[in-house]
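> generate coordinates for the sequence data below:
(one chain, ligands or ions: 3)
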Amino acid sequence: MQTAETKADIRAAVAEYRRAGESVALVPTMGYLHEGHLSLVRAARAANDRTVVSIFVNPTQFGPREDLATYPRDIERDLDLLRREGVDAVFLPSVDEMYHPDRQTIVETTRLSRVLMGRLRPGHYRGVATVVTKLFNIVQPDAAYFGEKDYQQLCVIRAMVRDLDSPVAVHGVPTVREADGLAMSSRNVRLSAEDRAAAPVLNASLDAAERIAATGARVSDIKAAVRGEIDSAPRAGLQSVDIRDAQTLAPVQGVPSGPLVVLLAARFGDVLLIDQRVVTPKGKT
Ligand SMILES: Nc1ncnc2c1ncn2[C@@H]1O[C@H](COP(=O)(O)OP(=O)(O)OP(=O)(O)O)[C@@H](O)[C@H]1O
Ligand SMILES: CC(C)(CO)[C@@H](O)C(=O)[O-]
Ligand code: BAL
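Ligands and ions are numbered 1, 2, ... in the order given. A predicted model of the protein is given here:
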């Protein structure tokens, strides 16, 4: 497995693959890898000749009061895991390598970046769209793999690729969960034992949403059920529960007529966790 700390080195590695006529996949990550990341790697490897993983904790997607400084990191362990998965190359740039000191250009999906998590984390999706554009330009992959756990992020990236005609096929990969249903996330290690024990309520509330949607319930009733489940559990500070059109993230009301996505954000102590589920209303399969 090659490791590249500079744009020039990762470009040289990819150029070799291209000369051999091989297809190239990119899996962008912020490191501290878990089975969720590895499922993206497996999906990428199954469909492409070469797989490149990037590990970069991108400062421009963190707000000034967010957890950039405490974001978990363990590069040696990450590299071991990726080696065992048969990854071809890892791109590990420093912040200085990634960003020019006079950088001025941003990429922003103007509607999607300002709703839902974009309201809780102003500037977050601009940072994500800009760094993903840069990663696409640096690596020039045929395909890129993202988790459905970060559902709005996946929608932002799909819209960006569509609007900018990027020649990259974007693939979403289902959320990998712990045995008790908690969505895997690098931030889970920062939960206290009590919060870790309470956090599966997010998944349980999504089960409730799925059950109620299947009865033909109104959006407001699905939302109330999710809220009820979380509010009656200890420790969870619900930040938002939203039910949107699964494809466009447009608001939906009344009795829904197509697939919906339930999007949750909750604080456990100072850790913000998110989860999501696509649910199909009664008779709409
Ligand atoms: N449980 C999961 N299942 C599938 N994909 C996941 C999972 N968790 C993260 N991913 C995906 O892995 C990619 C890299 O995510 P990232 O490195 O931010 O990890 P994370 O676990 O989401 O960390 P965070 O604590 O920031 O949420 C993203 O496309 C993300 O959606
Ligand atoms: C896509 C990404 C690697 C961009 O920094 C990040 O937002 C993430 O890990 O989901
Ligand atoms: N997985 C999304 C990256 C972030 O929370 O900043």
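
> okay, and the helix or strand of the chain with the least pLDDT?
helix 117-120 (a mean of 93; mean pLDDT, DSSP states H and E).

> just checking the next helix or strand after it against ligand 1, any contact.
Once the chain leaves helix 117-120, the next helix or strand it forms, by DSSP states H and E, is helix 124-139. No - using Cβ under 6 Å from any ligand atom, helix 124-139 stays clear of ligand 1, with a minimum separation of 9.5 Å. For every residue, glycine as well, the C-beta is placed using N, CA and C.

> which elements pack onto helix 124-139?
Where contact means 3 or more Cβ pairs under 8 Å, 6 or more residues apart in numbering; DSSP states H and E, helix 124-139 is packed against helix 7-19, strand 24-29, strand 50-55, strand 89-91, helix 117-120, helix 151-164.

> ok, and what's touching that helix?
Here helix 124-139 makes contact (Cβ atoms under 8 Å, 6 or more residues apart in numbering) with 7, 10-11, 14, 24, 26, 28, 52, 54, 56, 58-63, 91, 98, 105-109, 112-113, 117-118, 144, 152-153, 156-157, 160, 164, 166, 168.

> what about whichever helix or strand comes after that helix, average pLDDT?
Next helix or strand after helix 124-139 toward the C-terminus (DSSP H and E): strand 143-147. Mean per-residue pLDDT for strand 143-147: 99.

> next: stretch 187-202.
If you average the pLDDT over stretch 187-202, you get 97.

> buried residues in it, which are they?
Arg187, Asn188, Arg190, Leu191, Asp195, Arg196, Ala198, Ala199, Pro200, Val201, Leu202 (16 or more other Cβ atoms under 10 Å).

> stretch 30-38 now?
So stretch 30-38, judged by 16+ other Cβ under 10 Å, has buried residues Met30, Gly31, Tyr32, Leu33, His34, Gly36, His37, Leu38.

> is ligand 2 contacted by that stretch?
Yes - judged by Cβ under 6 Å from any ligand atom, stretch 30-38 comes into contact with ligand 2 at Met30.

> ok, and what's touching that stretch?
27, 29, 55-58, 71-75, 77-78, 81-82, 85, 147, 149, 175-176, 183-186, 189.

> then stretch 13-24?
Contacts with stretch 13-24, where a contact means Cβ under 8 Å, 6+ apart, come from 2, 4, 48-52, 88-89, 139-143.

> out of those, grab the one that's most surrounded.
Counting neighbours by other Cβ atoms under 10 Å, Thr51 leads the contacts of stretch 13-24 with 29 neighbours.

> what's across from that residue in the sheet?
Beta bridges link Thr51 to Ala25, judged by DSSP bridges.

> mind checking how far Ala209 is from Thr3?
42 Å (Cβ to Cβ, to the nearest Å).

> filter the buried residues of stretch 187-202 by proximity to ligand 1?
Arg187.

> which one of the buried residues of stretch 187-202 is nearest to Ala265?
Proximity of the buried residues of stretch 187-202 to Ala265 was ranked by Cβ to Cβ; the top entry is Leu202 with 9.2 Å.

> quick check: phi and psi on the closest one?
Main-chain torsions, Leu202, degrees, to the nearest 10: phi -60, psi -50.

> contacting residues for the residue nearest to it when sequence neighbours are not counted?
Among residues not flanking Leu202 along the chain, Asp275 sits closest, at 4.3 Å (Cβ to Cβ, 6 or more residues apart in numbering). Asp275 sits next to Lys149, Thr175, Ala183, Leu202, Asn203, Leu206, Leu264 when contact means Cβ under 8 Å, 6+ apart.

> now secondary structure and distance to Ala214 too, for those residues, in JSON lines please.
What follows is the contacts of Asp275, written out as JSON lines (DSSP: H, G, I helix; E, B strand; the rest coil; distance: Cβ to Cβ, whole Å):
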{"residue": "Lys149", "secondary structure": "coil", "distance to Ala214": "22"}
{"residue": "Thr175", "secondary structure": "coil", "distance to Ala214": "20"}
{"residue": "Ala183", "secondary structure": "strand", "distance to Ala214": "21"}
{"residue": "Leu202", "secondary structure": "helix", "distance to Ala214": "19"}
{"residue": "Asn203", "secondary structure": "helix", "distance to Ala214": "17"}
{"residue": "Leu206", "secondary structure": "helix", "distance to Ala214": "13"}
{"residue": "Leu264", "secondary structure": "strand", "distance to Ala214": "19"}
